[in-house]
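[1] Let's see this in three dimensions:
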Amino acid sequence: LSPTARMVQLSAIAQLPPSQDRNRARYILANDYLQTQQAEQALQLLDGLDQSYPVLAAPILSKRAQAYEILGDTTNAQATYQELLQRYPTHPVAVEALYFLGRTTPQYWQKAIAQFPSHPRTLEIARLLLQQNPNQPQLMLLLARHGYEQPGVIAVLDRLASNYSGQLQPQDWEAIAIAYWENQVYSKAATAYRQAPRTPLNVYRIGRSLQLSNKRTEAIAAYQQLIREFPSSPESGTALLNLAQIAQNSNDKLSYLDRVVNQFPQRAGEALAQKAAILDSLGNRTSAAQMRQLLLDKYGDSD
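    Residues are numbered from 1 along each chain as shown. From the prediction side, this is the model:
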């Protein structure tokens, strides 16, 4: 349907006797009107809809308040958002009420941060508060944990790591490290992971971050430390495979891969494939063919 035909169809359904289809049509049509700033038409459709369509009552109240905002009717917007908070305090859309009311009453913004730390609107609140006062490490940590995909977060992470290092706990460093990792800032991720809890994944990511930062010697040392600390962890199997890739000596490469085959059978297929490629490069075609035959015979269901 074209947009015009869609609107005509929805309008016709919205005029039918009460039904679920009518409720859905009124909600969708009201939302369309709000998108084009036609607030009065939206309010007509939303009137009483929260009662007849209770499954979407909280969003309906939020849309109604939004319509009042568009009309500049602050009094009714505030009253509607207050009703939303009273009736549905734990619904995610309640953040919209907290955001609006917090513009004039700051404790509402603090409530949003406490109750809905990962909500996009809460992240917006955090950024606004940091613009007012950048020296708020807890808000920076909130962005590190929940908003690491957003523009400008690297500068926030850098300020945290440089200006507040003495206040940060290992779990805080882990959040910072993950944020750097997800943004592919691997050199800084490695530094942060060193101060995070010593879990197999965190220690592995020290080595992997160093490897991706072209720090081969440091990466080898980090991987070897992981294998010593957590010899049976899956991450150690991955570390051995990575060591086989970055080691310079062919005997070392083959030794690492043999350890994978012996200690991590779920990764043995990968190890045998790598081993065959190394043997090919050394001109040992017979042994390479034997490795591939073993791979097919014993690990034929691996990738």
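[2] just for this structure, where's the confidence low?
    Applying pLDDT under 70 to the chain flags the ranges 1-2, 13-14, 16.
[3] Apart from its chain neighbours, what residue comes closest to D32?
    Closest residue to D32 apart from its sequence neighbours, by C-beta to C-beta, 6 or more residues apart in numbering: M7 at 6.8 Å. (C-beta placed from N, C-alpha, C; glycine too.)
[4] R26 versus the one you found, what's the distance?
    As defined by C-beta to C-beta, to the nearest Å, M7 lies at a distance of 13 Å from R26.
[5] Looking at these two, which one has more neighbours?
    R26 (26 against 15; other C-beta atoms under 10 Å).
[6] Just the buried residues of the helix or strand harbouring that one, please?
    Assigned by DSSP states H and E, R26 falls within helix 20-35. Within helix 20-35, the residues scored as buried using 16 or more other C-beta atoms under 10 Å are 22-23, 25-34.
[7] ok, and what's touching the helix or strand just after that helix?
    Counting by DSSP H and E, the element after helix 20-35 in chain order, helix or strand, is helix 39-46. For helix 39-46, the external contacting residues (C-beta atoms under 8 Å, 6 or more residues apart in numbering) are 14, 26-27, 29-31, 33-34, 60, 63-64, 66-68, 70-71.
[8] Same question for stretch 203-211.
    Stretch 203-211 has contacts (C-beta under 8 Å, 6+ apart) with 177, 181, 186-187, 189-190, 193-194, 218-220, 222-223, 225-226, 229-230, 235-236, 238-239, 242, 246.
[9] If you count neighbours, what's buried in it?
    Across stretch 203-211, burial judged by 16+ other C-beta under 10 Å covers 203-211.
[10] And stretch 227-246, by the same measure?
    So stretch 227-246, judged by 16+ other C-beta under 10 Å, has buried residues 227, 230, 233, 235-244, 246.
[11] Helices - which of the residues you listed land there?
    Those of the buried residues of stretch 227-246 mapping onto helices are 227, 235-244, 246, per DSSP state H.
[12] Could you dump these into CSV with distance to E83 added?
    Converted to CSV, those look like this (distance: C-beta to C-beta, whole Å):
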residue, distance to E83
I227, 59
E235, 51
S236, 56
G237, 56
T238, 53
A239, 56
L240, 60
L241, 58
N242, 57
L243, 61
A244, 63
I246, 61
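[13] Nearest to Q136 among those?
    For those, the closest approach to Q136 (C-beta to C-beta) belongs to E235, at 34.6 Å.
[14] so that closest one makes contact with P200?
    Yes - here E235 reaches P200: they are 4.2 Å apart, a contact under C-beta atoms under 8 Å.
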